[in-house]
Structure formats: C-alpha cells, structure tokens
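Colleague: What shape does this take:
(one chain, ligands or ions: 2)
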Amino acid sequence: MTARTHVSADAIRSDFSAAMSAMYRNEVPAYGTLMALVARVNEETLAADPHLQARLEATDSLERISEERHGAIWLGTPEELSMMRRVFAVMGMYPVGYYDLSTAGVPVHSTAFRPVGDAALKRNPFRVFTSLLRLDLIADEALRAEAAAVLASRKIFTERAIELVEKAEKEGGLDASDAAEFVREVLETFRWHDQAIVSAEMYKRLHDAHRLIADVVSFKGPHINHLTPRTLDIDEVQALMPEEGIAPKAVVEGPPTRKCPILLRQTSFKALEEPVSFVGENGAWKPGSHTARFGEIEQRGIALTPKGRALYDKLLNDTRAIVRPAADGSNAAEYEAALADVFKAFPDDWDGIRKAGLGYFSYSLTEKGKRVSGRRADLETAIEAGLIQFDPIVYEDFLPVSAAGIFQSNLGDDATQDFVASPNQVMFERDLGGPVLDEFAHYAGIRRASLEMCLDIVNMAVA
Ligand code: OOG
Ligand code: NI
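Modeller: Ligands and ions are numbered 1, 2, ... in the order given. Down below sits the predicted model:
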C-alpha cells in the first residue's frame, strides 16, 4: 500500500467525530436537543455580529464551529491508556497537557487528545478529555485488588480495531475502506453497555469507594460520558435550556461574561439515571441503575499566555475566597456578581489583552499591508498604520477547576471526597507510553508562524 492511497488523519477524525455524534444523539436524546439549540443560537449570534462573522470567515474558522465538539472518557488501566494513544494518533489526535484531578476529590489524572496543527484544527478540532483511574488513591487494599482483577480481564478494543491500528502504524496510514472500518470498530469502544460485568453487590462496594470507580470498573468499556458542542453565546443557551426541558447547573464554570471571551466557559445538565443490569446468580441478570452520562455546552475564548493564565487563576481564586459556588445553586447570583467584580482587573479589549501580553494572537497582513510589501517597520508601527491586523487564537484545551465543577455537579455534593493532591505526571506519561505536549508551546508556535508570514513587511524579532 502506498501513501498515495491513504486518506488523511484529518478525514478519519472528522468521520469519527460525526459517527460519535450520531451514536450519542441516538443514545442520549437530550444531546440532540442541545445540538439544535446551540446551532440556532450560533446562527443568531453571527447574524447580530457581522464583525465576528467576518473575522471567523477570514481566519478560516467559521465552518469548524458547527462541527466542533469534545467528549470525555475514563479508562481503567495503563494498557488501555497507551492503546488509546495509538488509536487517537491514527486520527491525528495527540495528548496535550497533564491535569491532576485528585485535588478536586476525583481519583484520576488526565490529558486531552486533540489535533495540534493550525490546519488540522481548522479542519476539525474534535478532542477527547481522557482520564486514567488512579487505583493508588483507593484506601481499601482488598477492594483495590478486586477492581484491578476485573479491569485486567476486560478488553475495551475490538481485535479488528487493534489490527487496523497496527496496520496504520506500519504503513503510515489507512486507505478509504480500512479507514471506514476503523471508524466503525473504534466506535464500539465508546458505546454504552447496559449490562454490567460485575454483581450488584460489588458495584455497591465500588460505588461506596467513589462513584467514578464504579463507573470505570463495572462496565465492558469506557462509554463516552458526554459530548459537548461549542456555542458562541453560552449565557443565551443557558437561559434557553429550561424552555427545551433541560435543567442546567446553576453556575457557568470558568470566567464571567465578557466582551472579549477568554479561555473556556462551560455549563452542563445533570447525569441521567439509566437502567442497567448486574451479573446475578446462575446466569440471571439483576436490574438496577447507573448514573454516568450528562450533557454539556461550552464557549471558547482566547488562549492565554502563562502570564494571562496566572492572572486568570489568581482572579478565580480571589473570587472563590469571597464566595464558593454551592452545588445546589443557592448562591449562584452572589457568586456571579463577585466573579464579574473581581475580573474587572482583567483587560476586556483585544488590544489591551495583547499589549499586556496576556493572550495569544495570530497576525496577518491587511489588504493595505499586502500592497506595501517590502517596507520595514516594527510590529506596533505596522499595526497602527493599518498594515497588520491581529485575531485571538482560540483556546483548545481544558480547565481543571471547571472540570472539577462539572464532575462535582454530576456527582452531587455528598459524593465529594478529599484526596491529598498528588500529581504524578511521570507515572501518567509512563502509562501513556510517551510525553504529553505542552499547550503553551503550541499556541506560541501558531503566533510565531503567523508573525513570520508578515515578516517581509515588518522588521522585528520573532520571539
Ligand atoms: C470531565 C472531563 C473534563 C471538561 O469539559 O472540562 C471535561 C469528565 O471526564 O467527565 O470534559
Ligand atoms: Ni466536558
């Protein structure tokens, strides 16, 4: 097989993302309702803001918005994680960032598999937040051993999926028919199974240790637990959700409403209680229920530099020192007011954010700039003269505090447990079978490449 007959990793990812969306819409009808609502609000937002529409078109990112979504899965073993890395690589998705969720009382650590190049992101930015269960954080040794034994016995990938990954690795890609089969086979891993692989009694013991442990260990595979479309106006979607019969969590996670969106804002609806059956006596099944899958929407803003991120983290902490959002939503208004007030310290105009070195921008020549190539000027002079323009680079990653808020709202306050914060990136990367990429280096690279494109007219150091 020659490379000429291979379909691109971007095409496989797009097909996979569409297949996953269709499967989840079938499995969780409220997801379909949310998708329709998000599409409607996005259309209205663009119609009301021609400048936004024009900039998204000019930066080649309008089309991706309706295609855009992320999902999340929880894995049980290092072998599952390293195989998942190889599966995602076939679709052009690579592990970016290390997230320690033990600080939030959730016994996992995670990475986000996503495309990394500018062109790949524009084609389809599908990403999967992937967490590995940390049995080392479970105090009860007997339960830990039992859970490990169950996990060791399950196979989350079909044999054919593994064969196709090996083939793609060996031959540098897949042809159209193998790619279509790959998408179908890999989708099986993410499917919901309503038959558990453990007894009701064991499920209860796992559940008592932590709800999430029960979710990971009790089933045949890592069912996708949510799929999240991207909205251009999260406040509007949040306000309209009840009309569609969906009750959102009280507080939108992340930064407050702003003119210039930064990082990521997210909201979700509570996980559904779904009927499942447990392994019973003499081959019989015992009916029960399990709560795992939920819905979420998000609005993405500009990627922040380390300086911008430090300011964001500080302001979020300052807010939480004044008022912590209660899980039942009782102090939502008070929290939102405090958040808006504290975040006044974060500039809310693009040029202010740029000049303060808080966010990443991509630079391009204006029409006027294209006509005067060859002229030398420094960057700021060229911007002032209208030769160079700048656009915010979208944040493609996740926020651990928000992820924790989403987890907790789904688990309910009573399920919150304390673990000692114990990040272990070395162990995670060993289990993954390679290093995670640095998110900041990636945004800095996009910025640098855009500046280099303008270099023939501006004379500056590309930092
Ligand atoms: C949540 C993972 C994080 C988000 O949007 O922050 C996430 C989970 O695994 O349920 O998806
Ligand atoms: Ni999410």
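
Colleague: Buried ones in stretch 63-76, by neighbour count?
Modeller: Of the residues in stretch 63-76, those scored as buried under the neighbour-count criterion (16 or more other CB atoms under 10 Å) are Arg64, Ile65, Glu67, Glu68, Arg69, His70, Gly71, Ala72, Ile73, Trp74, Leu75, Gly76. (C-beta placed from N, C-alpha, C; glycine too.)

Colleague: ok now that stretch, how far from the chain's centre?
Modeller: For stretch 63-76, the distance between its averaged C-alpha position and the chain's averaged C-alpha position is 6 Å (CA atoms, centre = their mean, to the nearest Å).

Colleague: tell me the mean pLDDT over that stretch?
Modeller: Here the mean pLDDT over stretch 63-76 is 89, rounded to a whole number.

Colleague: okay, that stretch in PDB with CA atoms only?
Modeller: What follows is stretch 63-76, C-alpha atoms only, in PDB (Å, rounded to 0.1, in the frame of the first residue of the first chain):
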ATOM      1  CA  GLU A  63     -17.100  26.300   9.300                       C
ATOM      2  CA  ARG A  64     -15.400  24.400  12.200                       C
ATOM      3  CA  ILE A  65     -17.800  25.800  14.800                       C
ATOM      4  CA  SER A  66     -20.800  23.700  13.800                       C
ATOM      5  CA  GLU A  67     -18.600  20.700  13.600                       C
ATOM      6  CA  GLU A  68     -16.900  21.300  16.900                       C
ATOM      7  CA  ARG A  69     -17.300  19.200  20.000                       C
ATOM      8  CA  HIS A  70     -15.400  17.400  22.700                       C
ATOM      9  CA  GLY A  71     -16.100  14.200  24.600                       C
ATOM     10  CA  ALA A  72     -14.700  12.600  27.800                       C
ATOM     11  CA  ILE A  73     -13.900   9.000  28.800                       C
ATOM     12  CA  TRP A  74     -12.500   7.400  31.900                       C
ATOM     13  CA  LEU A  75     -10.000   4.500  31.500                       C
ATOM     14  CA  GLY A  76      -9.100   1.800  33.900                       C
END
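
Colleague: which SS class is Ile73?
Modeller: Per DSSP: H, G, I helix; E, B strand; the rest coil, the local secondary structure of Ile73 is strand.

Colleague: And for it, nearest residue in space, chain neighbours not counted?
Modeller: If the residues on either side of it in the chain are set aside, Ile73 comes closest to Pro222, at 4.1 Å by CB to CB, 6 or more residues apart in numbering.

Colleague: Give me the neighbour count for Ala48.
Modeller: Taking other CB atoms under 10 Å as the neighbour definition, Ala48 ends up with a count of 10.

Colleague: For Asp15, which non-adjacent residue is spatially closest?
Modeller: Of all residues not flanking Asp15 in the chain, Val183 sits nearest, at 5.1 Å (CB to CB, 6+ apart).

Colleague: residues touching that neighbour, list them.
Modeller: If a contact means CB atoms under 8 Å, 6 or more residues apart in numbering, then Val183 has Ile12, Asp15, Phe16, Ala19 as its contacts.

Colleague: cool, and Ala271?
Modeller: Contacts for Ala271 were tallied using CB under 8 Å, 6+ apart; they are Asn225, Thr291, Ala292, Arg293, Phe294, Asn410.

Colleague: so which of the buried residues of stretch 63-76 are also by ligand 2?
Modeller: Among these, no residue sits close to ligand 2 (CB under 5 Å from the ion).

Colleague: Next SSE downstream of the lowest-mean-pLDDT helix or strand in the chain?
Modeller: For the chain, scoring each helix and strand by mean pLDDT, DSSP states H and E identifies helix 400-411 as the least confident one, at a mean of 69. Note on helix 400-411: by DSSP states H and E, the next helix or strand toward the C-terminus is helix 425-432.

Colleague: how about that next one as CSV, C-alpha atoms only?
Modeller: This file holds the C-alpha atoms of helix 425-432, laid out as CSV (Å, rounded to 0.1, in the frame of the first residue of the first chain):
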residue,chain,number,x,y,z
GLN,A,425,2.9,13.3,35.6
VAL,A,426,5.9,10.9,35.4
MET,A,427,3.6,8.0,36.2
PHE,A,428,1.0,9.2,33.8
GLU,A,429,3.5,9.6,30.9
ARG,A,430,4.9,6.2,31.6
ASP,A,431,1.4,4.7,31.4
LEU,A,432,0.6,6.7,28.3
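
Colleague: Show me what that helix is packed against.
Modeller: Packing partners of helix 425-432 (3 or more CB pairs under 8 Å, 6 or more residues apart in numbering; DSSP states H and E): helix 78-90, strand 94-100, strand 108-114.

Colleague: Outside of stretch 391-400 itself, list whatever touches it.
Modeller: Taking CB under 8 Å, 6+ apart as the criterion, the residues outside stretch 391-400 that touch it are 55, 58-59, 61, 96-97, 99-101, 103-104, 112, 114, 121, 125, 127, 129, 253-254, 260, 262-264, 300-304, 350, 353, 359-362, 364, 439, 442-443, 446-447.

Colleague: just checking, which of these belong to helices?
Modeller: Judged by DSSP state H, the contacts of stretch 391-400 include Arg55, Ala58, Leu121, Trp350, Ile353, Glu439, His442, Tyr443, Ile446, Arg447 as members of helices.

Colleague: residue contacts, the residue nearest to the last one when sequence neighbours are not counted?
Modeller: Right, the one you point to is Arg447. Ranked by CB to CB, 6+ apart and with sequence neighbours excluded, the top spatial neighbour of Arg447 is Tyr360, at 5.1 Å. Residues near Tyr360 by CB under 8 Å, 6+ apart: Ile302, Ala303, Leu304, Thr305, Pro392, Ile393, Tyr443, Ala444, Ile446, Arg447.

Colleague: which among these gets closest to Val216?
Modeller: Ala303 (30.9 Å; CB to CB).

Colleague: And the closest one, its phi and psi?
Modeller: For Ala303, the backbone dihedrals (degrees, to the nearest 10) come out as phi -70, psi 130.

Colleague: could you measure it against ligand 2, distance?
Modeller: With the distance defined as CB to the ion, to the nearest Å, Ala303 ends up 17 Å from ligand 2.

Colleague: Would you mind measuring from the residue in the stretch 301-450 of the chain positioned nearest to ligand 1 to Thr228?
Modeller: At 3.6 Å from ligand 1, Ala403 is the closest residue in the stretch 301-450 of the chain, using CB to the nearest ligand atom. Summarising the geometry, the distance separating Ala403 from Thr228, computed by CB to CB, to the nearest Å, is 12 Å.
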